[in-house]
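Student: Sequence isn't available, so here's the structure alone:
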Ligand code: FES
Ligand code: FES
């Protein structure tokens, strides 16, 4: 077992876990942050995307040990004082989901994109979101939501 201190959504959490335990399991099973989803478990679908020092990573393939000392942000970090993040609002306004299972991962990837490129082109969005799969096929509306949030100046 390893004793880790993880900085998640601005708060420190101490956990005792096997060293190779994926970050996703710790978020969901130890910290009760169930917004981050388990999809494929193989780094292929993006449902488990969180930000590590601002960069999107697949938390199902990220050993928790490698996240220690870094800033971990999950979907739960985005709304503040009862207000949704502009990209969350844009997803609602564009109805950019059906079942919603891919949505937290999509939004975390989108947040990282807008932080690095505040006015992305379609091509930028296709490239950046390439690893996030939506089985409901809401891609067009997801792209529209990212453009809408970009128009409102969403960055973080
Ligand atoms: S669950 Fe992590 S990429 Fe699919
Ligand atoms: S909304 Fe169902 S998988 Fe994307």
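Tutor: Received it, and whenever you're ready, just let me know what you need. These figures come from a predicted structure and were not determined experimentally. Residues are numbered from 1 along each chain as shown. Ligands and ions are numbered 1, 2, ... in the order given.
Student: Spatially nearest residue to residue 77, not counting backbone neighbours?
Tutor: Distance criterion C-beta to C-beta, 6 or more residues apart in numbering; nearest residue to residue 77, sequence neighbours excluded, is residue 9 at 4.0 Å. C-beta here means a position set from N, CA and C on the backbone, and glycine is covered the same way.
Student: So the one you found is in contact with residue 79, correct?
Tutor: No: applying C-beta atoms under 8 Å as the test, residue 9 and residue 79 come out as separate, 11.0 Å apart.
Student: Compare those two (neighbour count), which wins?
Tutor: Neighbour count, other C-beta atoms under 10 Å: between residue 9 and residue 79, residue 9 has more, with 17 against 12.
Student: dump the residue contacts of the more buried one.
Tutor: Contacts here follow C-beta atoms under 8 Å, 6 or more residues apart in numbering; on that basis residue 9 touches 33, 72-74, 76-77.
Student: ok, those residues vs ligand 2, which is closest?
Tutor: Within the contacts of residue 9, distances to ligand 2 taken as C-beta to the nearest ligand atom reach their minimum at residue 74, with 17.9 Å.
Student: Can you give me the distance of the closest one to residue 141?
Tutor: Here the distance between residue 74 and residue 141 works out to 23 Å (C-beta to C-beta, to the nearest Å).
Student: do you know how far residue 23 is from ligand 1?
Tutor: 10 Å (C-beta to the nearest ligand atom, to the nearest Å).
Student: OK, contacts around that residue?
Tutor: Applying C-beta under 8 Å, 6+ apart, the residues contacting residue 23 are 50, 57, 59, 62-64, 67, 72.
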